[in-house]
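Attaching a predicted model along with its sequence, questions to come.
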Amino acid sequence: MVKGIIAAALFAFAGAAAGQVEYYQGTQIIREDGFANFNTLKYPDSILNYQEGGLIVSMDHIEFEFVQMDGTASYYPNAGDTEMTIITRADGENFQALEFQVWNGWATDPNYVWAEAYLGGELQASFDIDHPSQSQNFPVLGFKGRFDQIRIASYYEPSVRDAHDPAGYQAIAMDNMRFGTIAGDACYADFDEDGELSLFDFLAYVNSFNAGSDDADCDGDGDLTLFDFLCFVNAFNAGC
């Protein structure tokens with residue numbers, strides 16, 4: 001029956017347009033492809049083009065003496081009033097989802113964030129976000145869709161943030177950053193991560209399923225079943 005579902009789905013395959021970039025709060029990634037915890041950073045290390053766990057996180061400053069609540073280092077520049085922090089993949093490929101904890105140097109709650117998502121140098125979306133911070137133990141901020149770069153800045157009050165004034169940037173702090181794919185999300189269907197939907201995505205998914213990989217748990221219930229194939233087919237048909 002599973003073979004029949006796959007065969008039927010193959011006839012429905014077609015190229016898909018890039019999906020809209022969205023932000024979300026809380027974690028949604030089920031397949032992690034890269035992770036950075038910034039634990040080796042220390043004052044006064046340069047954080048320009050800092051690379052870890054398949055990510056490049058860059059601001060032209062040095063690391064400040066600051067720790068996360070778990071007692072380890074975070075990505076925390078000693079100043080933030082000159083530029084946005086830029087986040088890309090080290091391999092130059094597109095993101096499907098990117099998540100991290102974030103707060104600012106003034107420890108305001110919420111944290112007033114301005115973020116931009118780019119693809120191939122073109123702006124895809126811009127976000128003014130009131131993100132919970134200290135009072136909720138630095139919850140996760142995420143972005144999903146198709147993009148190859150996130151630029152992000154933090155502000156101490158919303159009126160300054162809404163003006164997008166570089167003079168108002170605060171030192172942004174980020175920790176536990178990861179990228180990957182989201183169960184049931186349209187871009188989950190790009191299983192070989194080549195930026196296109198094709199027969200090879202089905203082959204890659206079947207191989208992952210047969211190997212018993214958690215990556216194939218499309219519906220996120222902890223088991224590999226027929227419903228995971230249905231979930232994958234739906235994601236593929238929805239397009240990226």
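Cool, got the structure.

Can you show me the strands along the chain?
Assigned by DSSP state E, the chain shows strands spanning 22-25, 29-36, 50-52, 55-58, 85-89, 95-104, 111-119, 122-131, 140-147, 149-155, 172-182.

could those go into JSON lines alongside distance to Ala211?
Every residue, glycine included, has its C-beta placed from N, CA and C. Shown next, in JSON lines, are these (distance: least, Cβ to Cβ, whole Å):
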{"stretch": "strand 22-25", "distance to Ala211": "29"}
{"stretch": "strand 29-36", "distance to Ala211": "13"}
{"stretch": "strand 50-52", "distance to Ala211": "28"}
{"stretch": "strand 55-58", "distance to Ala211": "26"}
{"stretch": "strand 85-89", "distance to Ala211": "24"}
{"stretch": "strand 95-104", "distance to Ala211": "21"}
{"stretch": "strand 111-119", "distance to Ala211": "31"}
{"stretch": "strand 122-131", "distance to Ala211": "34"}
{"stretch": "strand 140-147", "distance to Ala211": "26"}
{"stretch": "strand 149-155", "distance to Ala211": "31"}
{"stretch": "strand 172-182", "distance to Ala211": "17"}
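
now those strands in CSV, with mean neighbour count, mean pLDDT and distance to Ala73?
Shown next, in CSV, are the strands of the chain (neighbours: other Cβ atoms under 10 Å; pLDDT from 0 to 100; distance: least, Cβ to Cβ, whole Å):
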stretch, mean neighbour count, mean pLDDT, distance to Ala73
strand 22-25, 15, 92, 24
strand 29-36, 19, 90, 11
strand 50-52, 16, 98, 11
strand 55-58, 22, 97, 13
strand 85-89, 21, 97, 16
strand 95-104, 25, 90, 13
strand 111-119, 22, 93, 19
strand 122-131, 15, 94, 21
strand 140-147, 23, 92, 18
strand 149-155, 23, 93, 18
strand 172-182, 23, 90, 8
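
Next up, the contacts around Asp228.
Neighbouring residues of Asp228 by Cβ atoms under 8 Å, 6 or more residues apart in numbering: 209, 216-219.

go on, Phe38?
50, 52, 72-75, 174-175, 177.

Of those residues, which pair is most distant in space?
Spatial extent of the contacts of Phe38 (Cβ to Cβ) is set by the pair Tyr50 and Thr72 at 15.4 Å.

ok, Glu52 touching Ala36?
Yes. Counting by Cβ atoms under 8 Å, Glu52 touches Ala36, with 4.0 Å between them.
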